[in-house]
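> structure here, sequence nowhere to be found:
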């Protein structure tokens, strides 16, 4: 029995000790658990409400209390007052525990004091920009209450100003904020230190990604000055000029790098070659309606070489059979930078067979002088020939005429992107004067008439949110002559101006139209849109062909999309004309090119 008792006693003792240990741990956890915040009260605050001050704190009612977090919250409250100019605000806190220490009340006393106002703003290190000029561009002015956010914005604006001047690596920061007495008032003295750097001088230009394009074409668009320095604005302009060539799929903003082992800088230009040679076409056959007629082919062919031999030279060809008797052919060739000068030359040939009414042939030569990155001055000359058919029994009569003309245009283009602009303006004004000679006019022999053409187009681009842009376009044009014929007039209707109507449905000597188009970007070059195209056209009477005067206000509206494909940019829209039902709309489909 004794051996059994001893064994039993030794077994119970460890179990009892373990039980006491867990009871101790539990009671200690209860005794030392974090109290919960019962209330947070403020007194003495007038400038900020209790709600605003509580939002500056992490400690909240019904949350666990932490002494270290309270200390951090008091710093946040003091900083909130300091950022609003209350530099002398005194803030104290007191903590009251309940008898069981399970809850705590926090009371915060505030003595706001007076708002200190800016007295002096001093600049140091600004050698190239006077302090008076900097102070004028600052929103923070002497006499204002110090606003840290506004002051930081002023410094960022100052750095942007330096970047535009070419000082890309300038630094500016608040070096000191101190308080001084001005009479009975306390004022703030702000010292801003500016560390200017010289303009970046480019010693080497490195180009990557130009597999087909000759390097000289890209360097031509860089346009480094004699001092070979660049600014941040000029870096953006280089990218814009390269994009305007429309031979690259993408162009990165040039980067500045330090040449290893030398105190020199280089410029890296990264491009990605695009599809510069495109061919597309569509062909259809219209069978005869009866045995007396013959069938015919309809179709369209577009051929484009926009970077011939890697030199940015361009050749385009366009052929289209619209109907059995209507056909169009157009050829264009562009030669950039003649003799290395900022002068582009373009030559073109255009022929249109308009049913059985006439055949029109046009030869033209156009030059563009690149005055600046945004301004272009153009001049043009050409011969426009209209040949009537040999059939004298036709009821619609067109004179045999030839126009020798010359003209000029001016273009301003500040768009930030040529594919889907987010902001900027495009403006083009054109004037041409021609001498129109008509053979055997009214059986009275050859006669001459003056033909003048005016036109103006203005486009505004803006953006309110990411990937969205708004286009507002205005166009006005007029053709004036004592003898106007159909071939002289503007073509109205379709994809090129007022959608919702047939292509070239109307002819006009006076035309005004607009476009309001809201776009949503799908990719770098593609977008979907909703649009509204209002317009007014006027056509004078044609007594020879018994056509009365025509005029009217028309409009179209609908949905559109422009898609980037392997053969180029394709535009498709569904538009409803004035007076048409929703199912009576017209689908406009076309290749977006540079014709």
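Arrived safely, thanks for sending. In this text, all values refer to a predicted model and were calculated from it rather than measured experimentally.

> can you pull the contacts of residue 549?
With contacts taken as CB atoms under 8 Å, 6 or more residues apart in numbering, residue 549 has the following neighbours: 538, 539, 540, 541. Quick note: C-beta positions are derived from backbone N, CA and C, even for glycine.

> now the last one. Nearest residue, chain neighbours left out?
Spelled out, it's residue 541. In space, residue 541 comes closest to residue 549 once its chain neighbours are excluded; the distance is 4.4 Å by CB to CB, 6 or more residues apart in numbering.

> quick check: phi and psi at that neighbour.
When quoted as degrees, to the nearest 10, the phi and psi of residue 549 stand at phi -60, psi 140.

> could you tell me the model confidence score at it?
What the model reports as pLDDT for residue 549 is 92.

> before we move on, what about residue 336?
For residue 336, the predicted pLDDT is 93.

> that one and residue 346 touch, don't they?
No - with contact defined as CB atoms under 8 Å, residue 336 does not reach residue 346; the gap is 9.5 Å.

> quick check: neighbours shared by those two?
Contact with both residue 336 and residue 346 is made by no residue, according to CB under 8 Å, 6+ apart.

> buried stuff in stretch 382-390?
Burial within stretch 382-390, assessed by neighbour count using 16 or more other CB atoms under 10 Å, is assigned to 382, 384, 385, 386, 388, 389.

> got CSV for these, with pLDDT and secondary structure too?
Conversion of these to CSV gives the following (pLDDT from 0 to 100; DSSP: H, G, I helix; E, B strand; the rest coil):
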residue, pLDDT, secondary structure
382, 96, strand
384, 93, strand
385, 92, strand
386, 89, strand
388, 85, coil
389, 80, coil
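
> with respect to residue 284, which of the residues you listed is nearest?
Here the nearest of the buried residues of stretch 382-390 to residue 284, counting by CB to CB, is residue 389; it sits at 25.6 Å.

> now the phi/psi pair for that closest one, please.
Per degrees, to the nearest 10, the backbone of residue 389 is at phi -70, psi 160.

> could you do residue 74 as well?
The phi and psi values for residue 74, taken as degrees, to the nearest 10, are phi -70, psi -30.

> residues in contact with it?
For residue 74, the set of contacting residues under the criterion of CB under 8 Å, 6+ apart consists of 91, 93, 108.

> shaky segments in the stretch 1-150 of the chain?
Counting by pLDDT under 70, the stretch 1-150 of the chain contains low-confidence ranges at 1-33.

> where exactly do the helices run in it?
Using DSSP state H, counting those that start in this stretch, the helices assigned to the stretch 1-150 of the chain run over residues 2-32, 50-55, 67-83, 131-137, 148-165.

> can you pick the most crowded of the contacts of residue 74?
Ranked by neighbour count under the definition other CB atoms under 10 Å, the contacts of residue 74 are headed by residue 108 with 22 neighbours.

> does it touch residue 40 like I think?
Yes - shown here, residue 108 and residue 40 form a contact pair, counting by CB under 8 Å, at 7.3 Å.

> keep only those of the contacts of residue 74 that are in strands.
Members of the contacts of residue 74 lying in strands (criterion: DSSP state E): 91, 93, 108.

> so the second one touches residue 106, yeah?
Yes - A contact is recorded between residue 93 and residue 106 when judged using CB under 8 Å, the distance being 6.5 Å.

> and for the two, which residues touch both?
Counting by CB under 8 Å, 6+ apart, the residues touching both residue 93 and residue 106 are residue 70.

> gap between residue 260 and residue 497?
Counting by CB to CB, to the nearest Å, the separation of residue 260 from residue 497 is 56 Å.

> more crowded one of these two?
residue 497 (22 against 7).

> chain neighbours aside, what residue packs nearest to the more buried one?
What sits nearest to residue 497 in space, not counting adjacent residues and going by CB to CB, 6+ apart, is residue 513, at 5.4 Å.

> so what's that neighbour bridging to?
With beta bridges defined as DSSP bridges, residue 513 has these partners: residue 475, residue 535.

> neighbours around it, how many?
Number of residues near residue 513 (other CB under 10 Å) recorded here: 23.

> same check on residue 35?
Residues contacting residue 35 under the criterion other CB under 10 Å number 17.

> residues contacting it?
Contacts of residue 35 by CB under 8 Å, 6+ apart are 64, 65, 97, 98, 101, 102, 103, 104.

> for residue 235, same thing?
Going by CB under 8 Å, 6+ apart, the list of residues near residue 235 reads 253, 254, 256.

> so residue 511 sits in a helix?
No - counting by DSSP: H, G, I helix; E, B strand; the rest coil, residue 511 is not part of a helix but strand.

> can you verify my assumption that it contacts residue 474?
No - in this structure, residue 511 sits apart from residue 474 without contact. The criterion is CB under 8 Å, and the distance is 11.7 Å.

> who has more neighbours out of the two?
residue 511 (24 against 14).

> now do residue 268 against residue 225, distance only.
According to CB to CB, residue 268 stands 19 Å off from residue 225.

> on the three-state scheme, residue 238 is what?
Taken by three-state DSSP, the conformation at residue 238 corresponds to helix.

> number of nearby residues for it?
Around residue 238 there are 23 residues (other CB under 10 Å).

> so what pLDDT did it get?
Listed pLDDT for residue 238 reads 91.

> what about it, distance to residue 306?
Between residue 238 and residue 306 the distance is 20 Å, computed by CB to CB.

> one more: residue 362?
Applying CB to CB, the value for residue 362 to residue 306 is 22 Å.

> and what about residue 297, helix, strand or coil?
When the rule is three-state DSSP, residue 297 gets the label strand.

> surely it and residue 287 touch.
No - because the distance of 10.9 Å does not satisfy CB under 8 Å, residue 297 is recorded as not touching residue 287.

> what residues are up against residue 95?
By CB under 8 Å, 6+ apart, the contact set of residue 95 is 65, 70, 104, 105, 106, 107.

> the fifth one contacts residue 40, doesn't it?
Yes - counting by CB under 8 Å, a contact exists between residue 106 and residue 40, whose distance comes to 4.8 Å.

> which residues do those two both contact?
In contact with both residue 106 and residue 40: residue 59, using CB under 8 Å, 6+ apart.

> many thanks, have a good one.
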